[in-house]
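coords please:
(one chain, ligands or ions: 2)
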Amino acid sequence: MGKVKKTIKSITINADLCNGCRACELACSLFHAAPRYSSSNPARSRIRIVREPLKDIYVPVYAGEYTAAECTGRTMYILDGKEYAECDFCRASCPSRNLFKEPDSGLPLKCDMCEDEPPLEEPKCVEWCLNDALIYEEREEEVDEEEVSPGDVETGVESLLDKFGLQQVLDTIARTSKS
Ligand code: SF4
Ligand code: SF4
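Ligands and ions are numbered 1, 2, ... in the order given. Model (predicted):
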């Protein structure tokens, strides 16, 4: 398998600097609206804030991989005297909760680092986090040629197959493509 150069993009989170303003959620949902910037809805954001003001808990969490099944390895965390619920740090679009699912269709949402053409200088959530709780970094890495992460369409189709099965999806595509 050949190697290719790839720009690895990452966002480091400093939860201590997050004040729970949720500007990042609005910026993300605006950027991903269709048409772009036509609506804002935090439920459509690919970053969500675990927000419990009475416990002084504000944790930005990025939407990660879609998973068809719940995990079994859940654990409570106590960090700096604050108790976090078992799923607070999890990035998965998972059947056990509504987080990171498009609210109308139920399809999984995943952070795509605001891929655009031409590329943005930095992702929208980072740009609008005025507290510098989100720090964007890029680095070059050699990766295997086939190591390409799935896009929104591929992840959406995978979740439909898990939910309805191949035959029903194929029947629906055949029916709707005729209309
Ligand atoms: S990097 Fe872009 S897609 Fe990812 S959460 Fe931030 S605004 Fe949303
Ligand atoms: S914009 Fe920054 S400070 Fe505001 S909720 Fe998001 S991560 Fe926290």
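
ok, now how distant is residue 107 from residue 129?
26 Å (CB to CB, to the nearest Å). Every C-beta, even on glycine, is put in place using the N, C-alpha and C of the backbone.

higher neighbour count, the two?
A side-by-side neighbour count of residue 107 and residue 129, using other CB atoms under 10 Å, places residue 129 first with 25 against 19.

give me the three-state assignment for the nearest residue to residue 13 once chain neighbours are set aside.
In this structure, residue 13 finds its nearest non-sequential neighbour in residue 60, 5.2 Å apart by CB to CB, 6 or more residues apart in numbering. The three-state assignment at residue 60 reads strand, by DSSP: H, G, I helix; E, B strand; the rest coil.

residue 60 contacts residue 16, doesn't it?
No: taking CB atoms under 8 Å as the definition, residue 60 is not a contact partner of residue 16, at 11.4 Å.

pick out the residue closest to the middle of this protein.
Closest residue to the average C-alpha location of the chain: residue 63 at 2.1 Å, with CA atoms, centre = their mean.

now do the contacts for it.
If you count contacts by CB atoms under 8 Å, 6 or more residues apart in numbering, residue 63 has them with 46, 47, 48, 91, 93, 99, 100, 108, 109, 110, 111.

just curious, which of the residues you listed is nearest to residue 20?
Using CB to CB, residue 48 is the member of those that lies nearest residue 20, at 11.2 Å.
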